[in-house]
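Participant: Need coordinates for the following:
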Amino acid sequence: MQKVIRGNNTYPLDSSASDLGGYPYGSIFTRLANPNIQWEVSTQANIGLDFGLFGHKLTGTIDYFSKVTDNILLQVTPTDPIVPVSSYWTNIPNMEIRNNGVEIALDYNNTINKDFSYNIGGNISITKNEVVNSPYQILTTGATQGSGQAGATINGVLNGEAIGTFYVQEFTGIGQDGLNQFADINNDGEILDDDRIVAGNALPDYIYAFYLNFNYKKFDLGLNFNGAGGNKIYNHVAMSSFNKGNLANSFNTTDRAVEYLDESATNSNLVSTRYLEDGDFLRLNNATLAYNFTPEALGLGDSIKNLRLSITGQNLFVITDYSGFDPEINTEVLVGGIQTFGIDYYSYPKSRTILLSLNVEF
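Facilitator: Numbering: from 1, shown residues only. A predicted model of the protein is given here:
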């Protein structure tokens with residue numbers, strides 16, 4: 001659709017000059033039509049095994065999956081430099097996104113005696129993601145934000161790599177001039193964009209969860225854990241705020257600003273492996289300890305059927321080497337219509353909750 005822009009008002013292109021109070025300043029395209037656009041197509045195959053052993057004390061499932069998505073729909077930049085819009089939506093022929101992996105779930109329950117029983121179990125998903133036949137060097141899925149940083153690529157879609165692959169320069173330290181030093185990958189004597197490397201991926205190689213439930217007389221205890229591994233996180237917060245320049249300007253920062261004592265206060269905050277960290281973590285997601293009273297013993301048997309007192313904690317601790325607030329975090333932004341992955345940009349961390357409850361059944 002074409003529109004006419006005049007002042008703060010927008011009019012259809014066929015509006016007369018009298019409707020506009022004079023001749024329009026110009027017309028613009030807001031979007032290009034693409035009559036050939038189609039849905040993406042996903043094909044998936046699964047092979048699974050369900051089993052029960054030892055009198056069904058041990059049960060589980062094992063699944064192998066393979067999913068291929070093609071006819072990929074992307075917002076791309078036109079190759080023709082003379083076009084009315086900066087980007088448009090189209091299908092990319094032959095480009096595929098492949099996911100394959102294994103999911104395993106196990107559960108074991110056992111009764112020791114009339115006073116004590118337990119069950120433990122968990123699941124793990126191991127996935128490989130790969131982009132195939134992409135005609136682009138990189139489709140940016142994550143870019144820097146903030147003053148003096150906007151637009152620099154952090155990660156994206158590269159052919160032969162997973163979605164959210166970090167494609168950055170390799171930081172090697174601070175030079176004698178107090179400035180950043182980066183690896184000259186192609187040995188041409190210059191540090192340019194073609195010296196960037198594949199430095200990891202925002203998608204975990206595996207995600208997992210496990211639980212432990214115990215029952216002893218009137219007490220019961222339940223613990224639920226979850227975690228992930230094999231992924232990287234780009235600490236955009238550290239790049240923007242925890243640097244020597246902020247310290248020199250008397251802004252609040254952390255001891256990371258003096259990680260390199262010889263670093264100059266004028267050193268630029270550039271995208272590199274300096275701010276790329278391991279995202280592996282293990283979290284105690286939920287823990288509940290409860291006691292089930294006997295109403296009859298309290299003299300309440302005539303009016304109350306069940307009485308249960310419990311205390312529940314959520315997000316009680318996280319084991320991780322990531323230096324930010326929370327490794328299970330991501331900035332919710334889009335770049336070119338593609339979701340950003342694995343970038344921590346002033347995201348609010350998860351809260352820790354302690355809940356005391358009394359459940360009464362009449």
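Participant: Low-confidence stretches in the chain?
Facilitator: 1-26, 79-82, 336 (pLDDT under 70).
Participant: Can you pull the domain assignment for it?
Facilitator: With domains defined by automatic domain parsing, the chain comprises 1-30, 136-361.
Participant: nearest to Lys57, of these?
Facilitator: Smallest distance to Lys57 across those (C-beta to C-beta): 14.1 Å, for domain 136-361. Using the backbone N, CA and C atoms, a C-beta is placed for each residue, glycine as well.
Participant: how far out from the middle of the chain is the closest one?
Facilitator: In terms of C-alpha atoms, centre = their mean, to the nearest Å, the centre of domain 136-361 is set 8 Å apart from its chain centre.
Participant: Between the two ends of it, how far is it?
Facilitator: Domain 136-361 has an end-to-end distance of 62 Å (criterion: C-alpha to C-alpha, to the nearest Å).
Participant: re earlier: most neighbours per residue, which of the domains of the chain?
Facilitator: domain 136-361 (a mean of 16; mean count of other C-beta atoms under 10 Å).
Participant: what's the longest strand in the protein?
Facilitator: strand 88-111 (DSSP state E).
Participant: Strand partners (parallel or antiparallel) of that strand?
Facilitator: strand 58-76 (antiparallel), strand 116-132 (antiparallel) (DSSP bridges).
Participant: what's the following helix or strand after the last one?
Facilitator: If you walk from strand 116-132 toward the C-terminus, the next helix or strand you reach (DSSP states H and E) is strand 139-143.
Participant: got a list of contacts for that next one?
Facilitator: Applying C-beta atoms under 8 Å, 6 or more residues apart in numbering, the external contacts of strand 139-143 come out as 74, 150-157, 163-164, 202, 234, 335-336, 338-343.
Participant: In CSV, please show the C-alpha coordinates belonging to that strand.
Facilitator: The C-alpha trace of strand 139-143 is given here as CSV (Å, rounded to 0.1, in the frame of the first residue of the first chain):
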residue,chain,number,x,y,z
LEU,A,139,22.0,-13.4,9.2
THR,A,140,22.3,-11.4,12.4
THR,A,141,20.1,-12.6,15.3
GLY,A,142,21.9,-10.6,18.0
ALA,A,143,23.5,-7.2,17.9
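Participant: could you give the angle of that strand to strand 88-111?
Facilitator: Strand 139-143 runs at 70 degrees relative to strand 88-111, counting by axes from the mean of the first three to the mean of the last three C-alpha atoms, to 10 degrees.
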